[in-house]
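> Have a look; sequence and predicted model below, questions after that.
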Amino acid sequence: MSMDTFADRSLFGGAMIASIPLRFLDVSSVRQVPDHQGFSDAGVDESLIFEMLELKIEVLDQGSAAWFLQHLAHDQDAEGTVILEQSSVLEVPVLTLHRIPSAISKGRQGREAQNIVKVYLANIRLKGVHTDILITAHEPIFINSLSESADTVDTGVQVPGVHSGRTPMAEVFRRAVSSFRVNDWSIFGAAI
């Protein structure tokens with residue numbers, strides 16, 4: 001049972017759409033990042049990010065999400081990254097999911113400020129327009145008192161969404177991925 005109100009939210013100027021809880025604010029109005037659109041619930045430090053990347057043709061479909069996950073973990077200096085689950089239960093062709101707990105620092109904070117975060121990642125491969133769409137969700141498990149997140153979120157072990165009246169992040173992620181669709185293919189710069 002959903003505890004949040006979900007709505008179809010516009011991505012990349014309406015070219016794409018996904019169902020996201022209204023409690024998640026569109027952070028693109030605060031910080032523009034090319035080819036990224038992010039949503040965040042700062043009160044619990046959860047986020048959902050949509051990225052358009054050039055298709056990595058050298059990466060096999062079956063291992064694409066793991067490949068992107070390894071690069072994400074490396075880029076964020078994540079420690080202790082372990083893949084807990086790989087699934088294609090959403091029955092979307094060439095979609096793979098990963099859920100991992102990692103020790104991740106916010107921004108450029110050092111290892112002493114790392115939080116333990118569960119990361120959900122899906123890769124939707126749009127080969128006809130040479131694009132990989134990454135959908136990534138972050139769910140905090142433990143907030144370090146030295147993290148900049150501690151300014152807005154209680155430190156220590158975090159209360160799961162199901163126990164605090166929020167839709168669990170796994171369900172938020174599943175709904176965002178399963179509802180994702182492209183409305184305007186011209187965003188990719190080529191006709192289909």
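Arrived safely, thanks for sending.

> List the residue ranges of the chain that fall below the pLDDT cut-off.
1-2, 74-115, 142-163, 190-192 (pLDDT under 70).

> so where do the strands sit in this protein?
6-11, 16-21, 25-26, 36-41, 46-54, 85-87, 95-104, 115-126, 131-143, 156-157, 181-182 (DSSP state E).

> beta partners for residue 26?
On the basis of DSSP bridges, residue 26 is bridged to residue 39.

> That one and residue 164, how far apart?
23 Å (CB to CB, to the nearest Å). (Each C-beta comes from the backbone N, C-alpha and C, glycine too.)

> Name the residue in these two with the higher neighbour count.
residue 26 (14 against 11; other CB atoms under 10 Å).

> which residues does that one contact?
By CB atoms under 8 Å, 6 or more residues apart in numbering, the residues touching residue 26 are 9, 37-39.

> can you check residue 56 too?
Per CB under 8 Å, 6+ apart, neighbours of residue 56: 64, 67, 132.

> same thing but 6 Å
Contact analysis of residue 56 by CB atoms under 6 Å, 6 or more residues apart in numbering lists nothing.

> And it, how far from residue 127?
Residue 56 is 11 Å from residue 127, by CB to CB.

> cool, residue 59 as well?
Taking CB to CB, one finds residue 59 at 12 Å from residue 127.

> quick one, which of the two is more surrounded?
Taking other CB under 10 Å, residue 59 and residue 127 do not tie; residue 59 has more neighbours (16 against 11).
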